[in-house]
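**Student:** Give me a model of this one.
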Amino acid sequence: MSATEATAAGIEVLTPRDVPLGGPRAMRVRRTLPQRSRTLIGAWCFADHYGPDDVAASGGMDVAPHPHIGLQTVSWLFSGEIEHRDSLGVHAFVRPGELNLMTSGHGICHSEVSTPATTVLHGVQLWVALPQEHRDTARDFQHHAPAAVPLDGGEARVFLGTLAGDTSPVRTFTPLLGAELRVDPGATVTLDVAADFEHGVLVDTGDVLLDGTALKPAELGYTSPGRTTLTLTNQAPEPARLILLGGPPFQEEIIMWWNFIGRSTEEIAQARRDWTEGRRFGEVTGYDGDPLPAPELPTVPLKPRGNRR
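**Tutor:** Coordinates of the predicted model:
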């Protein structure tokens, strides 16, 4: 499907790029946000999709302590287990069907390592941009294990926001929707959604149509505000698994550089100095290894980006 056909159908299809995650022991991930054509979906500003990876062959995930500002991280697994440690003092595990949400605020650092019991690692790592008024909020960590909500033709697990009559208790700083959807073989599921939200549907498995537009595995289909329903059809003989993201359009431009979200080059440069000089972010205890070093800043000013209006 060409970009012109996708636009005519009202669905923007974002294809992923393959990138390394986590320094010298990097695993490969498929990144659909941000892209040149789209920086955000609501306040969702970053989407990595990985696996299923045979850990015996790939080495799994080993991301050394690294810093964040200006965002929330959302970890969601389909299989495997990841050990999380952060400078708030939280030692937790990411498990399939359970949300771990970490708020960086003014500054936090954390490590992520797949556990020895993990044989197949498969999931998504997502970021949410904090709005200007909440960018310096306190560090925080929340956990939630949503129950499966039956749908006519599938089921949903709502980890953020409200869908299909279920509401997550997890706090966010802008209205958001995040859910794992399963669509039965050959089934069609129609979901009522908020008309003021834009939405993204990331396909993990299945031969999926989003409002009639074909999406391949690892592609993300974008819909602009104005729709009150989304219709998902699984044409495959196996169940489809999807991640649904949504939120009202984010009205601020942001700068994304390395693990930071800011508003100016000076702010990003200060965060880099603070990390390099051991200030602001605290320390992760219990990780066997050195923190990730910050890359060099580009020699030209960083450019704020938002979505096309």
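**Student:** that's a helix at residue 255, yeah?
**Tutor:** No - the assignment for residue 255 (DSSP: H, G, I helix; E, B strand; the rest coil) gives strand, which keeps it out of a helix.
**Student:** what's the neighbour count on it?
**Tutor:** Residue 255 has 18 neighbours, counted by other C-beta atoms under 10 Å. Just so you know, the C-beta spots here come from the backbone N, C-alpha and C atoms, and that holds for glycine as well.
**Student:** distance of it from residue 46?
**Tutor:** Residue 255 sits 13 Å away from residue 46, going by C-beta to C-beta, to the nearest Å.
**Student:** Please apply the same query to residue 259.
**Tutor:** Residue 259 is 10 Å from residue 46, by C-beta to C-beta.
**Student:** now swap in residue 245 and tell me
**Tutor:** 11 Å.
**Student:** Please identify which of the two sits among more neighbours.
**Tutor:** Set residue 245 next to residue 46 and count neighbours by other C-beta under 10 Å: residue 245 wins out with 28 against 21.
**Student:** Contacts only, for residue 234.
**Tutor:** 154, 183-188, 206-208, 240 (C-beta atoms under 8 Å, 6 or more residues apart in numbering).
**Student:** From residue 276, how far off is it?
**Tutor:** Separation of residue 234 from residue 276 (C-beta to C-beta): 48 Å.
**Student:** go on, residue 284?
**Tutor:** Taken as C-beta to C-beta, the span from residue 284 to residue 276 is 16 Å.
**Student:** Equivalent analysis for residue 304, please.
**Tutor:** Taking C-beta to C-beta, one finds residue 304 at 23 Å from residue 276.
**Student:** Between the two, which has more neighbouring residues?
**Tutor:** Higher neighbour count among residue 304 and residue 276: residue 304, with 15 against 12, using other C-beta under 10 Å.
**Student:** where does the residue nearest to the more buried one when sequence neighbours are not counted fall, phi/psi-wise?
**Tutor:** Leaving out its chain neighbours, the residue that sits closest to residue 304 by C-beta to C-beta, 6 or more residues apart in numbering is residue 253, at 3.9 Å. When read as degrees, to the nearest 10, the backbone of residue 253 gives phi -80, psi 150.
**Student:** burial measure for residue 253, as a count.
**Tutor:** With other C-beta under 10 Å as criterion, residue 253 counts 13.
**Student:** Tell me the buried residues in the longest helix seen in the chain?
**Tutor:** The longest helix of the chain (DSSP state H) is helix 265-276. For helix 265-276, burial by neighbour count (16 or more other C-beta atoms under 10 Å) applies to 265, 267-272, 274-275.
**Student:** what about the strands in the stretch 151-300 of the chain?
**Tutor:** Per DSSP state E, counting those that start in this stretch, the stretch 151-300 of the chain carries strands over the ranges 154-160, 162-163, 166-167, 177-183, 188-192, 198-205, 208-210, 213-215, 220-223, 229-234, 240-247, 255-257, 260-262.
**Student:** Do me a favour and average the pLDDT over the fourth one.
**Tutor:** In other words, strand 177-183. The average pLDDT within strand 177-183 is 98.
**Student:** That strand packs against which elements?
**Tutor:** With contacts taken as 3 or more C-beta pairs under 8 Å, 6 or more residues apart in numbering; DSSP states H and E, strand 177-183 sits against strand 71-79, strand 154-160, strand 162-163, strand 229-234, strand 240-247.
**Student:** Which strands and helices lie in contact with the first one?
**Tutor:** Read it as strand 71-79. Looks like strand 71-79 contacts strand 44-54, strand 91-94, strand 99-103, strand 120-129, strand 154-160, strand 177-183 (3+ C-beta pairs under 8 Å, 6+ apart).
**Student:** so the following helix or strand past it versus strand 71-79, what angle?
**Tutor:** Tracing the chain C-terminally past strand 71-79 and defining elements by DSSP states H and E, one meets strand 82-86 next. Here strand 82-86 runs at an angle of 160 degrees relative to strand 71-79 (axes from the mean of the first three to the mean of the last three C-alpha atoms, to 10 degrees).
**Student:** strands paired with strand 82-86, and their directions?
**Tutor:** When sheet partners are counted by DSSP bridges, strand 82-86 sits next to strand 91-94 (antiparallel), strand 108-114 (antiparallel).
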